[in-house]
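> for reference, the sequence and a predicted model appear below.
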Amino acid sequence: MRQPRILMCPPDHYGIEYEINPWMSRSRGASQERAHSQWNALCQTLRQLGVVIELLPPQPGVPDLVFTANAGLIYQQRFFTSRFRHEVRAREEPYFDAWFGAHGFTVAHLPEGMYFEGAGDALFCGSALFAGYRIRSDVQGHQWLGQQLTIQVLPLELVNPHYYHLDTCFCPLAPGEAIYHPQAFDAYGCKVLEANIPTLIPVNEAEAARFGCNAVVVGKQVVVNTGCPQLMKDLERRGYQPIAVELDEFLKAGGSAKCLTIRLDGEEAALWR
Ligand code: ARG
């Protein structure tokens with residue numbers, strides 16, 4: 001069996017140095033020591049699940065580089081680099097380009113002026129790409145990707161600033177199965193999800209705020225932040241094995257398990273893998 005591969009970036013330069021989402025507060029900051037131990041625990045947990053962890057070298061001056069989910073979109077051996085909405089994160093783009101270019105991927109860029117924040121806003125469930133827009137990514141960027149890859153793209157408007165990336169409120173588990181936080185979408189978005197994904201597991205307000213939807217799926221194992229007991233029960237009932245890892249230091253930047261990872265060989269729910 002092929003081994004799952006995930007790219008992560010050690011939090012050597014992680015910190016809260018600006019505020020670009022409602023979770024971030026410079027005055028509250030983050031602890032380097034705790035960030036390291038939590039990140040190590042996530043890394044260890046994934047290795048125990050049989051995942052090969054690849055490391056992106058940490059870089060000073062780009063504190064959010066740890067959130068490799070935002071590197072870009074991977075489709076087979078093609079890599080489409082993100083175009084970040086905020087300049088503070090756009091500085092990360094060259095590092096992602098360099099890593100993917102050096103590791104066997106064909107690197108492509110979206111046309112200028114189209115914002116796109118990678119796997120943070122674009123997740124495959126079955127053959128379709130579910131794509132969050134408005135707060136960070138633009139719908140035009142998603143449409144352009146759909147044309148390039150000749151895949152179906154289902155745009156979902158994100159209406160709640162706390163759930164500014166799609167991966168903060170939606171997580172495909174397998175083709176036809178996903179978890180989501182309904183209040184992060186408008187009525188139309190919920191309809192699109194319901195019409196295209198037969199099994200949808202809702203995550204309640206309190207556990208969505210613990211970033212329960214920001215989970216890493218490896219086969220039947222689902223790694224999530226601590227503090228999501230109801231979600232863990234619901235996952236068990238569906239035949240999954242949830243594993244809790246405390247990631248609070250990253251919640252302070254508006255991220256959790258999924259944001260800290262990008263699956264190089266395709267997400268479990270992506271039919272193309
Ligand atoms: N502080 C980062 C930002 O606002 C957090 C990114 C979290 N990543 C994610 N895939 N949701 O951009």
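Cool, the structure landed.

> you'd agree Leu42 is in a strand?
No: under DSSP: H, G, I helix; E, B strand; the rest coil, Leu42 falls outside any strand and is assigned helix.

> just give me the neighbour total for it.
24 (other Cβ atoms under 10 Å). No exception for glycine: its C-beta is placed from N, CA and C like everyone else's.

> what does the one 3 residues further on give?
Other residues near Thr45 come to 18 when the count uses other Cβ under 10 Å.

> residues contacting it?
Val223, Ile243, Val245 (Cβ atoms under 8 Å, 6 or more residues apart in numbering).

> now with 10 Å?
Residues in contact with Thr45 (Cβ atoms under 10 Å, 6 or more residues apart in numbering) are Val51, Val216, Val218, Gln221, Val223, Ile243, Ala244, Val245, Ala257.

> show the pLDDT at the second one.
Same thing as Val216. With respect to pLDDT, Val216 scores 99.

> which secondary structure element contains the nearest residue to it once chain neighbours are set aside?
Once flanking residues are discounted, Val216 sits nearest to Val223: 4.4 Å by Cβ to Cβ, 6 or more residues apart in numbering. Assigned by DSSP states H and E, Val223 falls within strand 221-224.

> so for the very next helix or strand once past that strand, what gets flagged as buried?
Using DSSP H and E, the helix or strand that follows strand 221-224 in sequence is helix 229-237. For helix 229-237, the neighbour count (16 or more other Cβ atoms under 10 Å) marks Leu231, Met232, Asp234, Leu235 as buried.

> show me which pair in these is furthest apart.
Using Cβ to Cβ, the buried residues of helix 229-237 span at most 7.4 Å, a distance reached by Met232 and Asp234.

> name the residues contacting each of those two.
Residues touching both Met232 and Asp234 by Cβ under 10 Å, 6+ apart: Glu207, Gly212, Tyr240, Pro242.

> in this structure the last one contacts Val218, no?
No: in this structure, Pro242 sits apart from Val218 without contact. The criterion is Cβ atoms under 10 Å, and the distance is 11.7 Å.

> quick one, what contacts the residue of the stretch 1-150 of the chain found nearest the ligand?
Nearest residue of the stretch 1-150 of the chain to the ligand, counting by Cβ to the nearest ligand atom: Gly120, 3.1 Å away. Gly120 makes contacts with 67-73, 82, 84, 132, 136-137, 164-168, 214, 255, 258-259, 262, as judged by Cβ under 10 Å, 6+ apart.

> shaky segments in this structure?
Within the chain, the ranges that satisfy pLDDT under 70 run 1.

> all the helices of it, residue numbers only.
According to DSSP state H, the chain carries its helices in the segments 32-48, 87-90, 93-102, 139-149, 187-196, 205-208, 229-237, 248-251.

> just put those in TSV and tack on distance to the ligand.
Compiled in TSV, these are given as follows (distance: least, Cβ to the nearest ligand atom, whole Å):
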stretch	distance to the ligand
helix 32-48	13
helix 87-90	6
helix 93-102	13
helix 139-149	15
helix 187-196	17
helix 205-208	13
helix 229-237	17
helix 248-251	8
